[in-house]
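Colleague: what's the 3D shape of this:
(one chain, ligands or ions: 1)
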Amino acid sequence: MSNVAPFNSGASDDCDVLVVGAGLAGLTAGIRAAELGLRVRIIERGEGDHYLCNSRYTGGLFHIGMDNLASPPDEIRSRLQRVTNGEGRPELADALAENAIRAVTWLKAHGVSMIRVGPDGLRQHSLAPPGVRRTGLNWRWRSGDVMLRTLGANYRGRGGILQQGTEVSELLMESGRCVGASVRQNGVTRAIRAQYVVLSDGGFQANADLLRRFVSGAPERLLMRNAETGRGDGLRMAEAVGAKIVGTSSFYGHVQYRAAMTDGRFWPYPVVDSLAVSALLIDGASQRFCDEGLGGVHITNCIARLPDPLSAVIIMDDAIWNGPGKDWLLPANPYLIRAGGELITASDLNSLAAKIGHDPGALNVSVARWNDQVAGRKPFDVPRTVAPYKPWAIGQGKFHAIPVCAGVTYTMGGILTDTAARVLDANERPIQGLLAAGATTGGLEGFSRDGYSGGLSKALTFGLIAGETAYSALRKAA
Ligand SMILES: Cc1cc2nc3c(=O)[nH]c(=O)nc-3n(C[C@H](O)[C@H](O)[C@H](O)COP(=O)(O)OP(=O)(O)OC[C@H]3O[C@@H](n4cnc5c(N)ncnc54)[C@H](O)[C@@H]3O)c2cc1C
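Modeller: The predicted structure is shown next:
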């Protein structure tokens, strides 16, 4: 039990910890604080039992850098260093490496089931029941949906208040300390005082203005491969009180079939990353524009940065379609076709160019140049990393094309925190009373190569730490 002095302002809404958002990060922070004896109020914009968020849509694989989160901390540290190209904050990597397995153990002890769904490190810790192997969006009664229901019930069982249909709009500050927030419900705004506010609103992927400011000149031409609930409120509110914002140019996402922009059958799965990392990826002028060998997340970011993100096309032959085209989870071959997608096919490059609206001369030159570079006869003009994703020459059997787009899952940069989840100011000093966790935070991932650390492990681990930080600070103050 806690020996924390109650925060006594007389108003019934006031609490020790006010949490913004009831995704994995927010519920974890809320439950942890509540079980340590604090009075917690979580404010969630979504309504009903199935309020949407990325934690509900999730694929459910808890990993760090696409590998096992239960690896020894030293191994995780060097993995993150490699994945982020040394750009992630080492102290945040340490905190994740040292606490991730403790956090997963905590999650299981709070009723969330996990299973192993494959032999590799990525698939050692999957939510149960796992997501179905089906294209399109399928979240009901599985994976993240079951996790959120379980955590919601656990939280309420501890007396925690989950206030839905309500939006946090502004932080309340007194003498440089955060002392609560303004919340809006049914058009009425009022203040709730709290000793600590935890920002866990899920990122800014669904905010076109912030995407334009940080990520892409044409945000309306990006695919929302997410629940569209991460609207950048946490970033905006934190920035307004002087928080440092880092790593905002990169997002986690996948290369998707372009028709997914308007057709729900094609997102979040299948993803076409395995083709993009092997074949020739060109823009509307038939030119290569990125190092495809750095992987699907990097390619997706490069597509988003094109002047027209809806101009990218993958060019391949039968060997690629029947080789890498069949790799990875729900690959394009055959799932894209089964879902109703079209593989644009021609027996020669001139006809293929006509079908995709490209200049035949430019496409022929690009394919010939690509084949020379893959064979080592000429150096790559746009640099190409060749391992672990080797480039494939194009020339066996028929030619094929798939128009693609950038699927934005969540933004990786955001509010900078320290290892205790405390929000830092421009001088990297904690802003008193303000914590942040999950996809709204930055600093763990890389930006020049868009290195991805893992959304669930970050949300869970730093959500847990945020709850503990609030508790230890208030206990000390009591
Ligand atoms: C299709 C898909 C597949 C994924 N697969 C994986 C995977 O296999 N492995 C992995 O590690 N990661 C995966 N991710 C990413 C991972 O699910 C997320 O990074 C993680 O769940 C984010 O949790 P969060 O709590 O930070 O944010 P969220 O779950 O998005 O929760 C944020 C909540 O805050 C609320 N909110 C926002 N603003 C306000 C406001 N102003 N006031 C009140 N409430 C507000 C929102 O409504 C939302 O409920 C996937 C994501 C998607 C979309």
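Colleague: Moving C-terminal from the helix or strand harbouring residue 210, which element do we reach first?
Modeller: Element membership for residue 210, per DSSP states H and E: helix 208-214. Counting by DSSP H and E, the next helix or strand C-terminal to helix 208-214 is strand 223-224.
Colleague: just checking, what packs against that following strand?
Modeller: strand 399-411 (3 or more Cβ pairs under 8 Å, 6 or more residues apart in numbering; DSSP states H and E). Backbone N, C-alpha and C define where each C-beta goes, glycine included.
Colleague: Any residue of the strand it packs on touching the ligand?
Modeller: Yes - using Cβ under 6 Å from any ligand atom, a contact is recorded between strand 399-411 and the ligand, made by 409-410.
Colleague: partner residues bridging the residue nearest the centre of the chain?
Modeller: Closest residue to the average C-alpha location of the chain: residue 410 at 3.5 Å, with Cα atoms, centre = their mean. Beta-bridge partners of residue 410, counted by DSSP bridges, are residue 252.
Colleague: so what does the top helix by length along the chain touch, helix or strand wise?
Modeller: Criterion DSSP state H: the longest helix present in the chain is helix 455-477. Under the contact definition 3+ Cβ pairs under 8 Å, 6+ apart, helix 455-477 sits against strand 15-20, helix 24-35, helix 54-57, helix 90-109, strand 188-199, strand 430-436.
Colleague: swap the cut-off to 7 Å and go again
Modeller: Judged by 3 or more Cβ pairs under 7 Å, 6 or more residues apart in numbering; DSSP states H and E, helix 455-477 is in contact with strand 15-20, helix 24-35, helix 90-109, strand 188-199, strand 430-436.
Colleague: Quick check: next helix or strand after the third one?
Modeller: Downstream of helix 90-109, the next assigned helix or strand under DSSP H and E is strand 114-115.
Colleague: Give the partner strands of that following strand in its sheet and their orientations.
Modeller: Sheet pairing of strand 114-115 (DSSP bridges) gives strand 126-127 (antiparallel).
Colleague: what mean pLDDT would you report for the partner strand?
Modeller: For strand 126-127, the mean pLDDT works out to 98.
Colleague: elements contacting the next helix or strand along the chain from that strand?
Modeller: Toward the C-terminus, strand 126-127 is succeeded by helix 143-157 as the next helix or strand (DSSP H and E). With contacts taken as 3+ Cβ pairs under 7 Å, 6+ apart, helix 143-157 sits against helix 24-35, helix 54-57, strand 126-127, strand 161-164.
Colleague: Alpha carbons of the first one, as CSV, please.
Modeller: When you say that, I think you mean helix 24-35. C-alpha atoms of helix 24-35 as CSV (Å, rounded to 0.1, in the frame of the first residue of the first chain):
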residue,chain,number,x,y,z
LEU,A,24,-1.2,0.3,-24.0
ALA,A,25,1.1,3.0,-22.6
GLY,A,26,-1.7,4.9,-20.8
LEU,A,27,-3.4,1.8,-19.4
THR,A,28,0.0,0.4,-18.2
ALA,A,29,0.9,3.7,-16.5
GLY,A,30,-2.6,3.9,-15.0
ILE,A,31,-2.7,0.4,-13.6
ARG,A,32,0.8,0.6,-12.2
ALA,A,33,0.1,3.9,-10.5
ALA,A,34,-3.2,2.6,-9.2
GLU,A,35,-1.8,-0.7,-7.8
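Colleague: Please report how far residue 218 lies from the ligand.
Modeller: Taking Cβ to the nearest ligand atom, to the nearest Å as the measure, residue 218 and the ligand are separated by 21 Å.
Colleague: What is the burial count for that residue?
Modeller: For residue 218, the count of nearby residues is 18 (other Cβ atoms under 10 Å).
Colleague: pretty sure it contacts residue 309?
Modeller: Yes - applying Cβ atoms under 7 Å, one finds residue 218 in contact with residue 309, separated by 5.6 Å.
Colleague: tell me the contacts of the residue of the stretch 251-400 of the chain found nearest the ligand?
Modeller: Across the stretch 251-400 of the chain, no residue is closer to the ligand than residue 268, which sits at 3.7 Å (Cβ to the nearest ligand atom). Counting by Cβ atoms under 7 Å, 6 or more residues apart in numbering, residue 268 makes contact with 57, 137, 225, 407.
Colleague: now residue 439
Modeller: Taking Cβ under 7 Å, 6+ apart as the test, what residue 439 contacts is 54, 202-203, 230, 410-411, 455, 459.
Colleague: do residue 135 as well
Modeller: Counting by Cβ under 7 Å, 6+ apart, residue 135 makes contact with 265-266, 269-270, 330, 335, 339.
Colleague: ok, the nearest residue to residue 251 once chain neighbours are set aside to residue 219 distance?
Modeller: For residue 251, ignoring the flanking residues on the chain, the nearest one in space by Cβ to Cβ, 6 or more residues apart in numbering is residue 411 at 4.7 Å. Going from residue 411 to residue 219 by Cβ to Cβ, to the nearest Å gives 11 Å.
Colleague: Ok, residue 446 next?
Modeller: Taken as Cβ to Cβ, the span from residue 446 to residue 219 is 22 Å.
Colleague: Same check on residue 469?
Modeller: From residue 469 to residue 219 the distance is 34 Å (Cβ to Cβ).
Colleague: Next: residue 40.
Modeller: Residue 40 is 34 Å from residue 219, by Cβ to Cβ.
Colleague: higher neighbour count, the two?
Modeller: More crowded of residue 40 and residue 219, by other Cβ under 10 Å: residue 40, with 28 against 21.
Colleague: My read is that that one contacts residue 33, right?
Modeller: Yes - using Cβ under 7 Å, residue 40 makes contact with residue 33 at a distance of 4.9 Å.
Colleague: list the residues that contact both of the two?
Modeller: Between them, residue 40 and residue 33 share the contacting residues 16-17, judged by Cβ under 7 Å, 6+ apart.
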